[in-house]
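Novice: Compute the structure for the input listed below.
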Amino acid sequence: MFSKSRINETAGRAEAPRASESAASAPVSAPVSRPSLDMGGNVGAGSAPKPKPAASVLSADLQISGNIRTSGDVVIEGVVDGDIRAHLLTVGESATIRGEIIADDIVINGRVIGRVRGLKVRLTSTARVEGDIIHKTIAIESGAHFEGSVQRQDDPLASSSQSAAASATASSAPRPAAAAPQPAAAPAARPSMPAEASRPAAPKAPMDSKASQ
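Specialist: Below you'll find the model as predicted:
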């Protein structure tokens, strides 16, 4: 006959594998992914350089009276009465500019009446320029019409701002008041001559020699 203790031991051994089987059959929970806090790396990787804006084009049927200022590129085919400041300026064959143009790079195919300032200036065969050109490098093609003087400077763009500032300070400086007119000097009085000195002396009467004897 079997004792109760042996029966309990065999029963406990038989139940042990069932517990292990239940643990193995339970699904394993996947680790929860946490969002990364490194915002600097994500922002730097996603940021892309901004594309360069397209050049502004003024068509041939456009006429502008006033100054134009931009940090980009400009292509002019119409008529502009005023000064132009840009990065890259292209003057078309049908364009006419009456005023000063200042740019880093200037290409002239049309007509310009005024001063030209640029680091790089190029006059094509169809260019007509009436004015002075201040440049760092210049190229003039055969057939270009140019009336004026050419001057080379290391930084022609800075000289224009300095001259404008100097003229502004000169105009704002107070002018000295005109000196008051001085009265004319009175003629010096001449000393009056005494009446006796002015009259001639009377002749003396001749003495009679007989009377004196």
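
Novice: what are the pairing partners of the helix or strand harbouring Ile102, and which direction each?
Specialist: In this assignment (DSSP states H and E), Ile102 forms part of strand 101-108. Strand 101-108 pairs in its sheet with strand 84-91 (parallel), strand 116-123 (parallel), by DSSP bridges.

Novice: need those strands in TSV with mean neighbour count and mean pLDDT, can you?
Specialist: Where C-beta positions appear, they are placed from N, C-alpha and C, glycine not excepted. TSV is the format used below for the strands paired with strand 101-108 (neighbours: other C-beta atoms under 10 Å; pLDDT from 0 to 100):
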stretch	mean neighbour count	mean pLDDT
strand 84-91	22	95
strand 116-123	22	95
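
Novice: can you redo these as JSON lines with distance to Ala103?
Specialist: Formatted as JSON lines, the strands paired with strand 101-108 follow (distance: least, C-beta to C-beta, whole Å):
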{"stretch": "strand 84-91", "distance to Ala103": "4"}
{"stretch": "strand 116-123", "distance to Ala103": "5"}
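
Novice: Tell me which of those strands sits nearest to Leu58.
Specialist: strand 84-91 (10.0 Å; C-beta to C-beta).

Novice: quick one: contacts of the closest one?
Specialist: The contact list for strand 84-91, computed with C-beta atoms under 8 Å, 6 or more residues apart in numbering, reads 55, 67-76, 97, 99-112, 118, 127.

Novice: From those residues, list just the buried residues.
Specialist: 68, 70, 73-76, 97, 99-103, 105-112, 118, 127 (16 or more other C-beta atoms under 10 Å).

Novice: you'd agree Ala158 is in a helix?
Specialist: Yes - the assignment for Ala158 is a helix, going by DSSP: H, G, I helix; E, B strand; the rest coil.

Novice: How about the contacts made by it?
Specialist: Taking C-beta under 8 Å, 6+ apart, one finds nothing in contact with Ala158.

Novice: Where does pLDDT dip in the protein?
Specialist: For the chain, applying pLDDT under 70 flags the ranges 1-48, 159-213.

Novice: ranges for the helices of it?
Specialist: Assigned by DSSP state H, the helices in the chain fall at 4-25, 39-46, 156-172, 195-198, 209-212.

Novice: if we can go back for a sec, which one, of the strands paired with strand 101-108, ends up nearest to Glu141?
Specialist: Closest among the strands paired with strand 101-108, once you apply C-beta to C-beta, is strand 116-123, at 6.3 Å.

Novice: ok, residues contacting the closest one?
Specialist: Contacts for strand 116-123 (C-beta under 8 Å, 6+ apart): 89, 100-108, 129, 131-141, 144, 146, 156-157, 159-160.

Novice: for stretch 101-110, same thing?
Specialist: 76, 83-97, 112, 114-124, 126-129, 157, 160.

Novice: one more time with 7 Å
Specialist: 84-96, 112, 114, 116-124, 126-127, 129, 157, 160 (C-beta atoms under 7 Å, 6 or more residues apart in numbering).

Novice: what's the answer for stretch 57-73, then?
Specialist: 53, 55-56, 74-88, 94.

Novice: let's see it at 6 Å
Specialist: For stretch 57-73, contacts defined as C-beta atoms under 6 Å, 6 or more residues apart in numbering pick out 53, 55, 75-88, 94.
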